[in-house]
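[1] Sequence plus the predicted model coming up.
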Amino acid sequence: MLPELSLNVLDIANNSIRAGADLVTIQVRIHKKEDLLSIKISDNGCGMTKDQLSKVEDPFFTSRTTRDVGLGVPFLKQAAEITGGSFEIKSIPGDATTVNASFGLTHIDRMPLGDICSTIYTLVLANPNIDFLYINEYEGKEYQLDTRSFRQILGDIPFDTPEVARFIRKYLNENHIEVYGNESF
Amino acid sequence: MKSLDELKAIREAMQAQMGLRNEEGDKTRLVVGMATCGIASGARPVLKVLSDTVMERELTNVMVTQTGCIGLCQYEPIVEVVEPGKDKVTYIKMTPEKALEVIDQHIIRGQIVSKYTISETIG
């Protein structure tokens, strides 16, 4: 198992990247009243066939050739289901894949969300040719990061320019604190 | 809410310097394995310290990037150093501290840190 949900997000988003997506959308939502933490990752990559989709939750299935097991999806599924939550993958071959995981927010077995800002920062910096839309909502308040609007402003100045990278880090951290205050989940 | 205005100011300041940047082909690449195996063994903090350090030290000829599983899961986190015109060097079982050493010794001083390379460690 991965010790933080934010590491699961990083892992699942890397599946989208391997699927050739050029836009990956990551949504995190927390609603106390419904005792819900939900994570949704969707992409416009190559999608999966019905056959692949039926096997993807099996740890001994992987499309890669470098090893024989694929634990990313089973990890997230298990992490969700042990909290009384649910897990679902939908995919249209050649078009899109969506992963939806929901967790019992206060369930004793729910892993902490962890450092989600680092996950997003890492994805954005290490994958300069892919766009990310990240939305984090807590109790009706939300912040988002859309690399497409960053790109529009920056033109051909890359994200890994120190000034830009520092801005992205601050943008994530400050907006996260504004929405969550001192609370962490 | 932190706005994008600051980004516009950064762009204006940066545009003057753009001509000085190296082409991607001439750059040294630090490649971090970021599949489930890498992530589970601590690749995210390794990647973060690499990209932070490259920026802090203004190593403009170095780029930090990621890859999937390269089939050596038991040796993750793995960092590959790919320098133009040289053989690739593979460092295994990286930590943020070891990654800093690799930047100091290998990237800045040009000395391969043999004690962490795959060839030295597992023969």
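    Thanks, I have it.
[2] which phi and psi does A:I30 have?
    Main-chain dihedrals, A:I30, degrees, to the nearest 10: phi -130, psi 120.
[3] Hmm, A:G140 and it touching each other?
    No - the criterion here is Cβ atoms under 8 Å, and A:I30 misses it with A:G140 at 10.1 Å. For the C-beta atoms, the positions are set from N, CA and C on the backbone; glycine is no exception.
[4] who's more crowded, the two?
    Taking neighbours as other Cβ atoms under 10 Å in any protein chain shown, A:I30 and A:G140 compare with A:I30 leading, 20 against 8.
[5] What's the per-residue pLDDT of the more buried one here?
    We note a pLDDT of 98 for A:I30 in this prediction.
[6] Run through the bridge partners of it.
    For A:I30, the beta-bridge partners are A:L37, A:Y138 (DSSP bridges).
[7] residue contacts, A:N8?
    Residues in contact with A:N8, defined by Cβ atoms under 8 Å, 6 or more residues apart in numbering or on different chains, are A:L2, A:I39, A:G72, A:F75, A:L76, A:A79, A:A101.
[8] Among the residues you listed, the buried ones, what's the PyMOL command?
    Of these, the buried ones can be selected in PyMOL as follows, counting by 16 or more other Cβ atoms under 10 Å in any protein chain shown:
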select buried, chain A and resi 2+39+72+75+76+79+101
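[9] which among the contacts of A:N8 are in contact with chain B?
    A:L2, A:G72, A:F75 (Cβ under 8 Å from any Cβ of the partner chain).
[10] where exactly do the strands run in chain A?
    Ranges of strands in chain A, per DSSP state E, are A:23-31, A:36-43, A:86-92, A:96-104, A:131-138, A:141-146.
[11] Which of the ones you listed sits closest to A:F60?
    Among the strands of chain A, the nearest to A:F60 by Cβ to Cβ is strand A:86-92 (16.9 Å).
[12] Just the C-alpha atoms of that closest one, please, in PDB.
    What follows is strand A:86-92, C-alpha atoms only, in PDB (Å, rounded to 0.1, in the frame of the first residue of the first chain):
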ATOM      1  CA  SER A  86     -16.400   2.900  -3.600                       C
ATOM      2  CA  PHE A  87     -14.100   2.600  -6.600                       C
ATOM      3  CA  GLU A  88     -14.900   2.800 -10.300                       C
ATOM      4  CA  ILE A  89     -13.000   3.000 -13.600                       C
ATOM      5  CA  LYS A  90     -14.700   4.000 -16.800                       C
ATOM      6  CA  SER A  91     -13.000   4.100 -20.100                       C
ATOM      7  CA  ILE A  92     -13.700   4.700 -23.700                       C
END
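[13] Can you list the strands that that strand pairs with?
    In the sheet, strand A:86-92 lines up against strand A:96-104 (antiparallel) (DSSP bridges).
[14] Need the residues that contact the strand it pairs with.
    Contacts of strand A:96-104 (Cβ under 8 Å, 6+ apart): A:5, A:8, A:12, A:15-16, A:19, A:35-45, A:47-48, A:73, A:76-77, A:79-80, A:83-91, A:110.
[15] Contact partners for B:G68?
    B:G68 makes contacts with A:N14, A:R18, A:R64, A:T66, B:G33, B:M34, B:A35, as judged by Cβ under 8 Å, 6+ apart.
[16] Let me see the backbone angles for it.
    The phi/psi pair for B:G68 (degrees, to the nearest 10) reads phi -90, psi -150.
[17] tell me the pLDDT at it?
    Per-residue pLDDT puts B:G68 at 89.
[18] For chain B, which residues are neighbours of chain A?
    So far as Cβ under 8 Å from any Cβ goes, chain B lies against chain A at B:1-2, B:4, B:6-8, B:10-11, B:13-15, B:18, B:32, B:34-37, B:39-40, B:44-45, B:47-48, B:51, B:54-56, B:58, B:63-66, B:68-71, B:73.
[19] In helices only, show me those.
    Among those, the ones falling in helices (DSSP state H) are B:6-8, B:10-11, B:13-15, B:36-37, B:39-40, B:44-45, B:47-48, B:51, B:54-56.
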